[in-house]
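Chemist: mind looking at a prediction? Sequence and model below.
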Amino acid sequence: MIATSFNFRLTSRMGLLLAAATFAACKPAAFQMPPRPPSPVTVAVAETHDVPVYLDEIGQTQPSEKVDLQAQVSGQIIKRHFTDGADLKKGAPLFSIDPRTYKAAVEQAEANLEQARAQQALAQAEFDRYAAALKVKAANQADYDAKKAALDTAIAQVKVFQAALDTAKINLDYCEITSPINGRAGERLVDEGNIVKLNDTRLLQIQNLSPIYVDFTIVEADLPRLRAAMSKGDLQTVISLPQIPGVTHAGSLTFLDTNVQAGAGRIHLRATLPNEDRYFWPGQFVDVRLVLSTLHNAVLVPFSCTQQGQQGPFVYIIKDGDAATKAPPTVEQRPVELGQRQTDGGRDLIVIASGVKPGERVVQTGQLAIGPGAPVNIVPDTLNAPAGAPAASDKTDLENKSASATTDPSSAEATK
């Protein structure tokens, strides 16, 4: 019984070994995947330019001068000499207040002054007579002193009435309200026929739009860099509207506040723009670029060339293929140190502080389909391709179809 069981197990094992040997002899050769075709990419050449070092902030425009006109005498508005929104020159007439009361005040002051001058002349004549009589002992000292006091009083009275006349003339002048600055008139706040009160009625606001101010702030951490740049000369600004970023206007930094804002940790600055074309309007929010210095011979590539990995930013550099073996170009993944973004003729560029040399070719599009050492097929940039040229995707499809037709026997047989 034991022998029979042993023989059965031995026979079973030999059968398994024989079946395995037979399967191994019949197994086909291991399947090998065909090499991956080169991925289509576009490239850009690293350039060198002098570029600005800057701070970007948000600012708001303010008029360089702003005047709120108020009546300096009370009375009725009898004439308006301007239209709302008009450009005004300094001294241009704006409003006329009824002047009759103030003309009468001038005439009364003139009459009082003439009377005072007559009193002064009489006091002077009496004083002169008593002074001559005193020299020959024909008058006493007390009478002389009385005449001297009367003369001094008359002289002072003339000054009082002269001041009253000057005041009356000033009030009469205030009846004609003129523009104190060059600027643009706002909307009038009173019309003809209204009664205005002294220093109580606002008539009009005038703003000077050329030049115009741009107020903005920076964080206090940037203050040392700003002061170091200011010590080397005047700083320039580039101002644009957020909704029209390509149109810029140059200005200059003209004001740095004396203290950092409590709690906010920011400091107030002001730029001045000529604004002769009235492009900017008071109260607008604008983009402010404050140029601190110039970085010479900086290496730049399109911003789209840069990628972000776990170890930081990197780019793919093109490595030439082997013409003898028809090996395609490959890519090298290279870590880079990024600087500030720059705009040049509408192109979005970025400074490469280290990692790329001028003239090297950098992959601009197609990064998602490649990796370090991957073969690539450099295709024209579709955005800059000549009219009628096939798109990169179309070109890739044609190449793939051609390669498929060459390697697939069934396709070749079908062609026949």
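Modeler: All right, it came through fine. The structure displayed is predicted, hence computed values, not measured ones.
Chemist: now residue 91, what's its secondary structure?
Modeler: Here residue 91 is recorded as coil under DSSP: H, G, I helix; E, B strand; the rest coil.
Chemist: okay, it and residue 81: tell me how far apart.
Modeler: 12 Å (C-beta to C-beta, to the nearest Å). The way it works is simple: take the backbone N, C-alpha and C, and place the C-beta from them, glycine included.
Chemist: now the helices for the stretch 51-200 of the chain?
Modeler: Using DSSP state H, counting those that start in this stretch, the helices of the stretch 51-200 of the chain run over 100-135, 141-173.
Chemist: pLDDT weak spots in the stretch 101-250 of the chain?
Modeler: Along the stretch 101-250 of the chain, the model assigns pLDDT under 70 to no residue.
Chemist: what do you get for the stretch 301-416 of the chain?
Modeler: 382-416.
Chemist: show me the chain divided up by domain.
Modeler: 39-51+297-387, 53-63+209-293, 99-174 (automatic domain parsing).
Chemist: show me what contacts the closest residue to residue 72 other than its chain neighbours?
Modeler: Spatially, and ignoring its direct neighbours in sequence, residue 72 is nearest to residue 174 (4.3 Å; C-beta to C-beta, 6 or more residues apart in numbering). Taking C-beta atoms under 8 Å, 6 or more residues apart in numbering, we find residue 174 in contact with 71-73, 97, 102.
Chemist: in CSV, list the residues you listed along with neighbour count and distance to residue 358.
Modeler: Converted to CSV, these look like this (neighbours: other C-beta atoms under 10 Å; distance: C-beta to C-beta, whole Å):
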residue, neighbour count, distance to residue 358
71, 23, 69
72, 15, 68
73, 20, 73
97, 23, 73
102, 19, 78
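Chemist: from those residues, which two are the most distant?
Modeler: Of all pairs drawn from the contacts of residue 174, the greatest distance, 12.5 Å, lies between 71 and 102 (C-beta to C-beta).
Chemist: surely residue 208 and residue 183 touch.
Modeler: Yes. At 4.1 Å, residue 208 and residue 183 qualify as touching, with contact defined as C-beta atoms under 8 Å.
Chemist: between those two, what contacts are shared?
Modeler: Common contact partners of residue 208 and residue 183 (C-beta under 8 Å, 6+ apart): 63, 65.
Chemist: which one's more surrounded, these two?
Modeler: residue 183 (24 against 20; other C-beta atoms under 10 Å).
Chemist: correct me, but the more buried one touches residue 212?
Modeler: No. Residue 183 is beyond contact range of residue 212, at 11.1 Å (criterion: C-beta under 8 Å).
Chemist: tell me, what's touching the two both at once?
Modeler: Common contacts of residue 183 and residue 212, defined by C-beta under 8 Å, 6+ apart, comprise residue 63.
Chemist: average pLDDT for stretch 73-82?
Modeler: Regarding stretch 73-82, the rounded mean pLDDT is 96.
Chemist: residues in contact with it?
Modeler: Stretch 73-82 has contacts (C-beta under 8 Å, 6+ apart) with 88, 92-99, 101-102, 171, 174-175, 185, 188, 190-198.
Chemist: swap the cut-off to 10 Å and go again
Modeler: 71, 88, 92-102, 170-179, 185, 188, 190-201, 203-204, 206 (C-beta atoms under 10 Å, 6 or more residues apart in numbering).
Chemist: if you count neighbours, what's buried in the longest strand along the chain?
Modeler: When every strand of the chain is counted residue by residue (DSSP state E), the longest turns out to be strand 47-70. Neighbour counts over strand 47-70 (16 or more other C-beta atoms under 10 Å) mark 51-55, 57, 59, 61-64, 69-70 as buried.
Chemist: and which of the residues you listed is nearest to residue 328?
Modeler: Nearest to residue 328 among the buried residues of strand 47-70, counting by C-beta to C-beta, is residue 51 at 34.2 Å.
Chemist: which ones are touching the closest one?
Modeler: 294-300, 339-344, 349-351.
Chemist: which among the residues you listed end up buried?
Modeler: 298-300, 339-340, 342, 349-351.
Chemist: closest one of those to residue 161?
Modeler: residue 340 (72.4 Å).
Chemist: the closest one: which element?
Modeler: strand 337-344 (DSSP states H and E).
Chemist: what helices or strands is that strand leaning on?
Modeler: strand 47-70, strand 244-256, strand 285-302, strand 312-319, strand 347-354 (3 or more C-beta pairs under 10 Å, 6 or more residues apart in numbering; DSSP states H and E).
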